[in-house]
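Asker: Please work out how this folds:
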Amino acid sequence: MQEEYLLTMRHIEKRFPGVLALNGVDFSLRKGEIHALMGENGAGKSTLIKVLTGVYQMDGGEIRVDGEKIAIKSPQDAQNKGISTVYQEITLCPNLTVSENMFIGRCGAWVKRRDLEKKADEILTRLGIPARSTQLLGSCSLAVQQMVAIARAVDMNCKVLILDEPTSSLDDKEVKRLFGLMRDLKAQGVGIIFVTHFLDQVYEVSDRITVLRNGELVGEYLTEDLPQVQLVSKMIGKELEELGSLGETEDIMFGDKPVFYEAKGISSNEALPFDFSIRKGEVNGFTGLLGSGRSESVRAIFGADKVTGGEVTVNGEPVKIDRPIDAMRHGIGYLSEDRKRDGIIAELSVRENIILALQVMNGMFRPINRNESEAFADEYIKVLNIKTASMETPVGSLSGGNQQKVILARWLLTHPDYLILDEPTRGIDVGTKLEIQKLVLKLAEEGVSVTFISSEVEEMLRTCSRLIVMRDRHVVGELTGKDLNQTKVMKTIAGGEA
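Answerer: Predicted coordinates for the structure are as follows:
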């Protein structure tokens, strides 16, 4: 019966130009339950939440709260109807007190500070939050700041609380404290939508799971009835019985080739300590669900994030890599996960983007002259078949696949010994994907070491001879030879369940 649900969303559709982002998605939430909303990047989770919170207007479907059909026209409208959201990034003011953060924008100037502090302390006590109304929010731990944000949301007559990646910046102790608050709110009848990439946390705290994939509903399940390996297979889109016919990767051994790069206990402000090595001419990769720590690990290798520990050798010699320029000088190149933020400089030309890394290595007092830069650009435009009107075309006007080729050209021009490629084929057409995969294998044949990361497991299996499997920012397995198959990858990600 629909009446038993606190929230129901039926046949939700949302279109953007050329894209059907949500295709008839259903979602329901009971009073006093924690419901995990799961799916890989691009599955539609964020779009569904933005429809529910009034950021986007839906193009079809209906939403009901307590059985009553409602229209949500803005985030403020959603709050007025009892729907509140706490995002991954804390949006409160650390220079204000806890009580000021809880009531900012919600009280008139005539309300006495003492009364606000008294009310804030009552709420903090009721929710078991270890903070005082008068202390500065910035003096609290991240977990307590997250709890204050939740307290603010709950105090606004909250019926539905959406927690979007609330644990991504918390340590294990802080996560347990946050989960305690979530369970207390659940006992008080609040319905909680929990969005996370940490599988273990889903099974620790949620009652039900809804899985989305490619903007469509895969299914809704009781948490206890959905083993982790099945959850992974539903998110990725391959059922276990489908995987037997995929075949196994050829067993390629690199034991007789020298190690180019080796790290022991390397860590950064984003990556937990891990060991890693790669041999000359080897293609290996980090795999795991989004948020598992894949990108953070390779950023630590390249020095893109602040390195906090570990020992590194290159060609058997101890080296110190604290910054990207250190890595570059030791023959390491890195194509980042986000080409728009960390890769291309959209306003510069194709030519200027291609020579960028080499110019950085040369230094500002040894500029590459125009004739050289044109020769370099012309060579790699031909080698990589970059489709551009000219080498002076702004790179921002190229297609995503051609932008990716420009960044690849940038690193190839430095003649790296070791190339890290993080999601090099994301968002590009199938033809260009195959070109990049062939290029990776060709580089390996020429003796270049390559670390390849992709959200598409099949692509990883086609290119890598060794996979490092990650879950919740920890290395949980390493697969080679006959173990390089979809079934084994998913079981390892899920924790080894049958």
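Asker: Run through the strands of the stretch 301-450 of the chain in chain order.
Answerer: Under the criterion DSSP state E, counting those that start in this stretch, the stretch 301-450 of the chain contains strands at 307-314, 317-319, 332-335, 418-422, 449-453.
Asker: For A409, find the nearest of those.
Answerer: The closest of those to A409 is strand 332-335. By CB to CB, the value is 10.6 Å. Where C-beta positions appear, they are placed from N, C-alpha and C, glycine not excepted.
Asker: Could you list every helix and strand in contact with the closest one?
Answerer: Here strand 332-335 touches helix 294-302, helix 400-412, strand 418-422, going by 3 or more CB pairs under 8 Å, 6 or more residues apart in numbering; DSSP states H and E.
Asker: residues in contact with the second one?
Answerer: So the one you mean is helix 400-412. Outside of helix 400-412, the residues within contact range by CB atoms under 8 Å, 6 or more residues apart in numbering are 333-335, 339, 343-344, 350, 353-358, 377, 380-381, 383-388, 395-396, 398, 419, 424-425, 427-429, 432, 435-436, 439.
Asker: just to revisit the earlier point, where among the helices and strands packed on strand 332-335 is average confidence lowest?
Answerer: Ranked by mean pLDDT, the helices and strands packed on strand 332-335 bottom out at helix 400-412, which scores a mean of 87.
Asker: What residues of that one count as buried?
Answerer: Neighbour-count burial for helix 400-412, with 16 or more other CB atoms under 10 Å as criterion, is recorded at G401, N402, Q403, Q404, K405, V406, I407, L408, A409, R410, W411, L412.
Asker: can you redo the residues you listed as CSV with distance to T308?
Answerer: Below are the buried residues of helix 400-412 laid out as CSV (distance: CB to CB, whole Å):
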residue, distance to T308
G401, 36
N402, 37
Q403, 32
Q404, 31
K405, 34
V406, 33
I407, 27
L408, 30
A409, 33
R410, 28
W411, 26
L412, 31
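Asker: which one of the residues you listed is nearest P75?
Answerer: Comparing those against P75 with CB to CB picks out Q403 as the nearest, at 33.1 Å.
Asker: give the contact list for the residue lying closest to the closest one once chain neighbours are set aside.
Answerer: Spatially, and ignoring its direct neighbours in sequence, Q403 is nearest to I344 (5.2 Å; CB to CB, 6 or more residues apart in numbering). I344 makes contact with N353, V395, G396, Q403, V406, I407, according to CB under 8 Å, 6+ apart.
Asker: which one of these is nearest K280?
Answerer: Of all those, I407 has the smallest distance to K280: 23.3 Å, by CB to CB.
Asker: got a list of what S28 touches?
Answerer: Applying CB under 8 Å, 6+ apart to S28 gives the contacts Y5, L7, T8, M9, E220.
Asker: Helix, strand or coil: sort out the third one for me.
Answerer: In other words, T8. Following DSSP: H, G, I helix; E, B strand; the rest coil, the label given to T8 is strand.
Asker: Need the per-residue pLDDT for it.
Answerer: For T8, the model assigns a pLDDT of 96.
Asker: Do I have it right that G24 meets L217?
Answerer: Yes: G24 is within contact range of L217, at 7.4 Å (criterion: CB atoms under 8 Å).
Asker: coming back round to it: point out the one among the strands of the stretch 301-450 of the chain that comes closest to I123.
Answerer: Closest approach to I123 among those (CB to CB): strand 307-314, 36.7 Å.
Asker: Please identify the buried residues of that closest one?
Answerer: By neighbour count on 16+ other CB under 10 Å, the buried set for strand 307-314 is V307, G310, V312, V314.
Asker: now the helices: where do they sit in the stretch 251-400 of the chain?
Answerer: Ranges of helices within the stretch 251-400 of the chain are 294-302, 324-329, 350-354, 356-362, 370-383, 400-412, based on DSSP state H, counting those that start in this stretch.
Asker: quick revisit: got the helices and strands packed on strand 332-335 as JSON lines, with distance to K482 columns?
Answerer: Output for the helices and strands packed on strand 332-335, formatted as JSON lines (distance: least, CB to CB, whole Å):
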{"stretch": "helix 294-302", "distance to K482": "23"}
{"stretch": "helix 400-412", "distance to K482": "31"}
{"stretch": "strand 418-422", "distance to K482": "25"}
